[in-house]
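Enquirer: Only the shape, not the letters, is given here:
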């Protein structure tokens, strides 16, 4: 082998090693978002299925659930299998996201280098607070973004150069099928990517049909089976909370999507006091984030006027914007509240749009502007990441401490009323008896907490026995007390505040009011 060939081989090995190290670094950055904090309400639904001892029990439990869980079968099956191997701790359940973080960074690295000619700048995406937030959830969104990145990169590669990437249609269809099996809403990515291919105008309709026909035909039976399954879940009344969305929902989803949430008020604060006034104390950090994105936007708008580059940026922007608008229109028509997590499948489009818009070019002025934009964006995202990761005020529902307080009361012989989701509390060892109406509430005892209904007579009996009642209540009464009966019962009692946890308050009933008041 000549010295020239040896040099080429050595350079190839060095580049391969660099790629692997960058992918490992990107995955490590995402893994920094994982913690062992308490599971919260949504993760409790995942746990309810992960704890099942057999696949038959898992399927029966899934079919009996009334929420949106039956519409994310692929992820829940994966989590059940993962828990059989790695256990049921908070860390173990969230570390199930690591393989998908690795898949996300590997796909992003390949697409950035091979399609966009970006070797290292793609690492900025791994600082996204949106990614970090969902890396720390035992929910399907990290998995969605990992597989969605494959689908998006495959389509972008095909649209950029069909001859160079002849297998992209197969990668696109197979990954889209897998993506749809994870979560029903991810199918909305398909029309957005078709719009991108049309906007690029690199292939004729005849060529497109020829190259995509076989992958579509081969995967079509599986798509039909999934469509039939999802249709059955919809006809069976499964789905999220019925709530007519508005423009504030879309605004908050974009705010969350851009990674500004760690720079503004925590979710629990916004839930208690929704409104612009809640943002005022956070204006300095929010202003820094807005300035960072302002410089990014300036860098994109002042980019070199290359027609091909402009077409890619415009195509990605149109595809991304159309996807968000379509999702909002769908949520409005179906009366469900759209949040950032529902748009997780579009995050790869946003990431590629960001990277394509920040290509440097040959101009020194352009390079300096892009460097400044990346520096500011990286700083803003890092601050947002670590505020969400480290500050107690940004913690989600603290079921662990709330359940521990309730268990302590039961040990002392005090009855407990639990007004929150029950499965997450059971995960933390709290025994709970669920009742359907106040008439079903039996005599006060301290063997298990009561959940599901309130009885004033039950409280009076307990007080007559000189046993105060501990009431643990979530800040989501719309989910656990929709008719307001428990609130009205509690309103007639004298109570002392015992403790507060993120999204929880604990009260001790000390007597019965002669009149009525506010709880």
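Expert: Received the coordinates, thanks. Model, not experiment: these values are computed from the prediction. Numbers count the residues shown, from 1 in each chain.
Enquirer: tell me the contacts of the closest residue to residue 255 other than its chain neighbours?
Expert: Once flanking residues are discounted, residue 255 sits nearest to residue 261: 6.6 Å by CB to CB, 6 or more residues apart in numbering. In this view, the C-beta of every residue, glycine as well, is placed from N, C-alpha and C. By CB atoms under 8 Å, 6 or more residues apart in numbering, residue 261 lies in contact with 129, 133, 255, 267, 384, 388.
Enquirer: now do residue 40
Expert: 396-399, 424, 503.
Enquirer: please redo it, this time with the cut-off set to 6 Å
Expert: 396-397 (CB atoms under 6 Å, 6 or more residues apart in numbering).
Enquirer: per-residue pLDDT, it?
Expert: Looking at residue 40, its pLDDT reads 91.
Enquirer: Return the member of the contacts of residue 261 nearest to residue 345.
Expert: residue 133 (15.6 Å; CB to CB).
Enquirer: Just the pLDDT for the closest one.
Expert: 94.
Enquirer: again, but for residue 488
Expert: As predicted, residue 488 sits at a pLDDT of 83.
Enquirer: Quick check: next helix or strand after the helix or strand containing it?
Expert: If you go by DSSP states H and E, residue 488 is part of helix 485-491. Downstream of helix 485-491, the next assigned helix or strand under DSSP H and E is strand 493-501.
Enquirer: That next one packs against which elements?
Expert: strand 504-512 (3 or more CB pairs under 6 Å, 6 or more residues apart in numbering; DSSP states H and E).
Enquirer: could you give the angle of the strand it packs on to strand 493-501?
Expert: 160 degrees (axes from the mean of the first three to the mean of the last three CA atoms, to 10 degrees).
Enquirer: Which of the contacts of residue 261 scores worst on pLDDT?
Expert: residue 267 (81).
Enquirer: how close does it sit to residue 128?
Expert: Relative to residue 128, residue 267 is positioned 17 Å away (CB to CB, to the nearest Å).
Enquirer: out of these two, which sits in the more crowded spot?
Expert: Using other CB atoms under 10 Å as the criterion, residue 267 and residue 128 rank with residue 128 on top: 26 against 20.
Enquirer: Isn't the more buried one up against residue 259?
Expert: Yes - counting by CB atoms under 6 Å, residue 128 touches residue 259, with 5.2 Å between them.
Enquirer: Quick check, pLDDT for the most centrally placed residue in the chain.
Expert: The residue lying closest to the centre of the chain (CA atoms, centre = their mean) is residue 341, at 4.0 Å. Residue 341 is assigned 87 on the pLDDT scale.
Enquirer: Double-check that it belongs to a helix.
Expert: Yes - according to DSSP: H, G, I helix; E, B strand; the rest coil, residue 341 belongs to a helix.
Enquirer: For it, list the residues it contacts.
Expert: residue 141.
Enquirer: how about a cut-off of 10 Å?
Expert: 42, 130, 133-134, 137, 139-141, 144, 183, 185, 253, 256-257 (CB atoms under 10 Å, 6 or more residues apart in numbering).
Enquirer: Please apply the same query to residue 316.
Expert: Here residue 316 is in contact with 152, 156, 192, 196, 199-200, 349-357 (criterion: CB under 10 Å, 6+ apart).
Enquirer: now with 6 Å?
Expert: Counted by CB under 6 Å, 6+ apart, residue 316 has contacts 352-353.
Enquirer: and residue 225, how many neighbours?
Expert: Neighbour count of residue 225, defined by other CB under 10 Å: 11.
Enquirer: Likewise for residue 199?
Expert: For residue 199, the neighbour count with other CB under 10 Å is 18.
Enquirer: tell me the phi and psi of it?
Expert: Dihedral angles of residue 199 (phi, psi; degrees, to the nearest 10) stand at phi -70, psi -30.
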